[in-house]
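J.: I'd like to go over a predicted model; first the sequence, then the structure.
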Amino acid sequence: MNSSEPRFLVDVGVGKGIERYLREEGYDTKAVRDIDPRMEDEEIVLTAVSENRIVVTMDKDFGELVYHCSMEHTEVLLLRLEDTTGSKKLQVFKYIMENYGLR
């Protein structure tokens, strides 16, 4: 992994498939489920800022925190994929990584 490559903090609802994919691709990845599955959204944002990580989430409350409340943040990748299988989430995530400059 190159030091300029993104680092990730994956929220609980995103799923283990995306966590596994990022690790297998060599990205510096942490999972909220491994730190504290009940971590509050504000604490997730603070952790991401302190460690310079992109938050990957399905929770639209992050939009409220970073845009409406102007909370300091790094980047937030919001996947709006309710009622979607883990394999479909992974397919969409891979598409984003390959087509929107995250690789």
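T.: Noted; the coordinates are in hand.

J.: residue ranges with poor pLDDT in the chain?
T.: 1-3, 63, 66-73, 101-103 (pLDDT under 70).

J.: 90 - rerun?
T.: For the chain, the stretches flagged by pLDDT under 90 are 1-5, 13, 15, 41-42, 45-46, 58-87, 98, 100-103.

J.: the longest helix in it is where?
T.: Longest helix of the chain, by residue count under DSSP state H: helix 86-99.

J.: which positions within the helix or strand that contains L46 qualify as buried?
T.: Per DSSP states H and E: L46 is located in helix 41-51. Judged by neighbour count (16 or more other CB atoms under 10 Å), helix 41-51 contains these buried residues: 41, 44-45, 47-48. Bear in mind the C-beta positions are built from the backbone N, C-alpha and C, glycine included.

J.: that one - contacts with which helices or strands?
T.: Secondary-structure packing of helix 41-51 (3 or more CB pairs under 8 Å, 6 or more residues apart in numbering; DSSP states H and E): strand 8-10, strand 54-57, helix 61-63.

J.: name the SS class of the closest residue to K89 other than its chain neighbours, please.
T.: Spatial nearest neighbour of K89, chain neighbours left out: L81 (5.4 Å); criterion: CB to CB, 6 or more residues apart in numbering. Three-state call for L81 (DSSP: H, G, I helix; E, B strand; the rest coil): coil.

J.: the inter-axis angle of the host helix or strand of E19 versus helix 86-99?
T.: According to DSSP H and E, E19 maps onto helix 16-24. Calculated by axes from the mean of the first three to the mean of the last three CA atoms, to 10 degrees, helix 16-24 forms an angle of 40 degrees with helix 86-99.
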